[in-house]
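Student: curious how this folds, go ahead:
(chains A and B)
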Number of protein chains: 2
Amino acid sequence: MTVKRFVVIGGDAAGMSAASLAKRRRPDLDIEAYEMGDFTSYAACGMPYYVGGEVLEIEDLVVVSPSEFREKRGIKVFVRHRAEKIHPDRKIVEVRHLETDQVKEVPYDELLIATGAEPIIPPGIDLDLPGVFPLRGLKDAADLRKYIQEHSPREGLVVGTGYIGMEMAEALTLAGVETTVLGRRPQVLPLFEEEIAETVAAELDRHGVKVVFRAEASRVEPGPDNRLKVTLTNGEVYTTDVVQLGTGVKPRSRLAEEAGCELGVKKAIKVDRGQQTSIPHIWAGGDCAEAYHRLLGKNTYVPLALTANRQGRIVGTNVVGGRAEFPGILGTTICKVFDLAVARTGLGLKEAQAEGHDAVKVTITGRSRAHYYPGSASIKTVLIIERGGKKLWGAQMVGQDGVAHRINTWAAALGAGLTLDQIYNLDLAYAPPFSPVWDPVLIASEVAMKKAR
Amino acid sequence: MTVKRFVVIGGDAAGMSAASLAKRRRPDLDIEAYEMGDFTSYAACGMPYYVGGEVLEIEDLVVVSPSEFREKRGIKVFVRHRAEKIHPDRKIVEVRHLETDQVKEVPYDELLIATGAEPIIPPGIDLDLPGVFPLRGLKDAADLRKYIQEHSPREGLVVGTGYIGMEMAEALTLAGVETTVLGRRPQVLPLFEEEIAETVAAELDRHGVKVVFRAEASRVEPGPDNRLKVTLTNGEVYTTDVVQLGTGVKPRSRLAEEAGCELGVKKAIKVDRGQQTSIPHIWAGGDCAEAYHRLLGKNTYVPLALTANRQGRIVGTNVVGGRAEFPGILGTTICKVFDLAVARTGLGLKEAQAEGHDAVKVTITGRSRAHYYPGSASIKTVLIIERGGKKLWGAQMVGQDGVAHRINTWAAALGAGLTLDQIYNLDLAYAPPFSPVWDPVLIASEVAMKKAR
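Tutor: Residues are numbered from 1 along each chain as shown, chains lettered A, B, ... in the order given. So this is what the prediction gives:
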């Protein structure tokens, strides 16, 4: 049977990547996409930079608008429509128009669930309280910026020390708010090694951001002088003007679960390498779904934009009869924290050890450019490697200069399975404005081989 | 027989890398290094930035001084000493002290020839003429900067459009000199594809540098008003105030040749992968020697700093009984031209075709960062690939932002033998300040696969 109707639930990265690719491959395909918010294909990762003021207009974050999808790509996009129930037996989705409240039944031949993730809101935090902001979508970013412009809050509290927490701490600071970050763990960026995290902590300090470790907000309520009173689980009380939640996200997988789709890691929708769920003709991709990890050889949950786009393309290929497989992630992430770039790829030490590897870590410091060239800065590299061996499991870097794309050299090396001596022997580019003769990647490889005893 | 005396001719990258490593491996080894100039281990690649004024002191370009080698590393370094003759039968080098003019016989067990390269000086150009400068070493850079400071030349002529020519055109411009570049070929940077070169030419133009193609200086002589008269081979005459020669280099291999060492590509000293010459106990490395090319599977002549340092380390390992092999180059180079970074790795189109590959090239334009993030700039990528296939032969990039270390992702991919689909599937880092979701490396890989018909 030829596929005639492809229905997509969720109008962002995975959903619209799938829709666009399927339409290019099969122009006669009837594609409908339902998005419960106001926007399609927007750059969620750009929101902190809108709040911080580097990005001037919220519209700049919209990559392709609903009308462009309709008019230029022939994809019928419906915003403010929420999918509420899937009937796999009848191959129908119930969709509610959030403005008229009308529910319609949408038939599909193939269905993609790309409902994304939702922020984890700690219990006791009332999102309706003025000055309390999650970061669920463009509207939240717009609301927060407007709130800052209108109320000029003096102090702010960011809950969470993951990369969203770091980016929002920077954004609030740039917007003129004295910022404190609360973290449950004893370090910022818990997904990074502590040697990397301590450089980030110093950078926050340098920019006047306070960090309170082992601290969890248990309650936010109206405080004196129109301020907010934040009570921590340990009983401490903070008074502040704005609270930003950056406490991580979880897959928005309930619709899929209720349809009978199996869930997997962290309640993300379970998928095979072709992004198919446990139910025929239902696919999943993006932040609501699992992602195959190449180094772990199994599915995991790491919601990131490139993964979502890539999984969308896999679905877009497969719903029209292709046979694409998600290549898998390597655990690559990067984050800007004020003047620093912080990046990782591969496994962290504990991750590698949890897999049964006899892994150790080595910290190496190098320079971003020739020592005499203006702008040359220190780069700290932490490598996670097999003890006494040449096997690389992961690399993390932090520095003010030249980190961003160097991490990709490590990612390429990991993706190719290069050993440390092979990496050390790579012919990397050298000119004084860009690197020392021995690039930090080469130096780290060499030193790690010697030290990994 | 145990090696007792290791003698090194040439006190820069290859020579001193070999000496330092050999000494670390065998602290009892007696090492003597003879350098005909005043400096050891200096950053030749930094000279344009001293002339241009970004580097303030010439001493900043000296990585390790002769006294540091003597006192901290136990290596007897003699500057202003020129090796004049090698007697392989007696294992002796004749060395002249350039101050006293005395010649001594220096016995060796193992000898490294690391005499570097020398600029190709077109016939008819008199280097003794005031205002005419080659770029042989730190002294030339110092002399040129001093000349500019003292004479404030209004106009300058750079002969040569290779990367030294480009760097010197930028340096003169930054030093306030109106600069014209003469090139024999019809494009700048002849080692790059024309699509890359045209972006560089536009950048030169934007900064007021004139470029005259298919032009060769045949004669430089004193002109009116204390200026210089430059006659081209086509009869045209230019009047200028300072002439900088950037006409490429050739291996300084005569000493080795006279000793009986076989020469190879472009009269560079022929070496095996262990950096041994055709004569036992004589080694060669750096800009006077050949370099093994991993993609060509044979020796070539590409004098660059990382190669010199690496070959030096190979020699330093092997003279004390190690068995190291030079891993080979991938043809990676990078050059700064004003605000641009221009980089390549692997083979150019003609190089690939000359090897018998059915190679084609594809040009792809991408962005360095998320389109909405400040500083996002265009990156042009040219890939050289097998027609209709997934095999990558080379990559070249040019842009104002984010080129420098992205080229290393290509270099790692080439070094690992990754195909275009494998590169497209790499999990590269994404955050809006550093890249689009689909990094230019990923986009280029994908587009090239489609277009390489």
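
Student: residue contacts, the residue lying closest to residue A:236 once chain neighbours are set aside?
Tutor: Counting by C-beta to C-beta, 6 or more residues apart in numbering or on different chains, residue A:215 is the residue found nearest to residue A:236 once chain neighbours are left out, at 7.3 Å. Quick note: C-beta positions are derived from backbone N, CA and C, even for glycine. Applying C-beta atoms under 8 Å, 6 or more residues apart in numbering or on different chains, we find residue A:215 in contact with A:182, A:183, A:184, A:232, A:233, A:234, A:236.

Student: need these in JSON lines (columns: pLDDT).
Tutor: Formatted as JSON lines, the contacts of residue A:215 follow (pLDDT from 0 to 100):
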{"residue": "A:182", "pLDDT": "96"}
{"residue": "A:183", "pLDDT": "94"}
{"residue": "A:184", "pLDDT": "92"}
{"residue": "A:232", "pLDDT": "93"}
{"residue": "A:233", "pLDDT": "89"}
{"residue": "A:234", "pLDDT": "88"}
{"residue": "A:236", "pLDDT": "93"}
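
Student: narrow the residues you listed to those in helices?
Tutor: Among the contacts of residue A:215, no member falls in helices (DSSP state H).

Student: report the buried members of the residues you listed.
Tutor: Buried members of the contacts of residue A:215, counted by 16 or more other C-beta atoms under 10 Å in any protein chain shown: A:182, A:183, A:184, A:232.

Student: give me every residue that touches the closest residue to the third one other than its chain neighbours.
Tutor: Spelled out, that is residue A:184. Of all residues not flanking residue A:184 in the chain, residue A:216 sits nearest, at 5.3 Å (C-beta to C-beta, 6+ apart). Residue A:216 sits next to A:122, A:182, A:184, A:232, A:233, A:234 when contact means C-beta under 8 Å, 6+ apart.

Student: so which of the contacts of residue A:215 is the closest to residue A:437?
Tutor: residue A:183 (39.5 Å; C-beta to C-beta).

Student: distance check, the closest one against residue A:221.
Tutor: 21 Å (C-beta to C-beta, to the nearest Å).

Student: how about the residue nearest the centre of chain A, phi and psi?
Tutor: The centre of chain A sits closest to residue A:304, judged by C-alpha atoms, centre = their mean, with a distance of 3.5 Å. As for residue A:304, its main-chain torsions (degrees, to the nearest 10) stand at phi -140, psi 160.

Student: what residues go with each domain of chain A?
Tutor: A:5-43+A:61-118+A:250-318, A:121-247, A:339-452 (automatic domain parsing).

Student: looking only at pLDDT, what's the mean for the longest one?
Tutor: If I follow you right, that is domain A:5-43+A:61-118+A:250-318. For domain A:5-43+A:61-118+A:250-318, the mean pLDDT works out to 97.

Student: regarding that domain, how distant is the last residue from the first?
Tutor: Start and end residues of domain A:5-43+A:61-118+A:250-318 are separated by 14 Å (C-alpha to C-alpha, to the nearest Å).

Student: also the second one?
Tutor: Here the two ends of domain A:121-247 are set 7 Å apart, with distance taken as C-alpha to C-alpha.

Student: now do it: distance to the chain's middle.
Tutor: Remark: domain A:121-247 is offset 18 Å from the chain centroid, using C-alpha atoms, centre = their mean, to the nearest Å.

Student: just the first one next, same as before
Tutor: Relative to the centre of its chain, domain A:5-43+A:61-118+A:250-318 is centred 17 Å away, using C-alpha atoms, centre = their mean.

Student: and the stretch 51-200 of chain A, which of its residues are near chain B?
Tutor: A:54, A:55, A:60, A:61 (C-beta under 8 Å from any C-beta of the partner chain).

Student: may I see the PyMOL selection of the buried members of these?
Tutor: Command for PyMOL that selects the buried part of these, burial taken from 16+ other C-beta under 10 Å:
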select buried, chain A and resi 54+55+60+61
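
Student: tell me which residue of the stretch 51-200 of chain A lies closest to chain B.
Tutor: As assessed by C-beta to the nearest C-beta, chain B sits closest to residue A:60 within the stretch 51-200 of chain A, at 4.0 Å.

Student: list the contacts for the residue lying closest to that residue once chain neighbours are set aside?
Tutor: Residue nearest to residue A:60 in three dimensions, not counting chain neighbours: residue B:372, with 4.0 Å by C-beta to C-beta, 6+ apart. Remark: with contacts taken as C-beta under 8 Å, 6+ apart, residue B:372 is in contact with A:43, A:46, A:49, A:55, A:60, A:61, B:432.

Student: just the helices in the stretch 351-453 of chain A please.
Tutor: Using DSSP state H, counting those that start in this stretch, the helices of the stretch 351-453 of chain A run over A:406-416, A:420-424, A:440-451.
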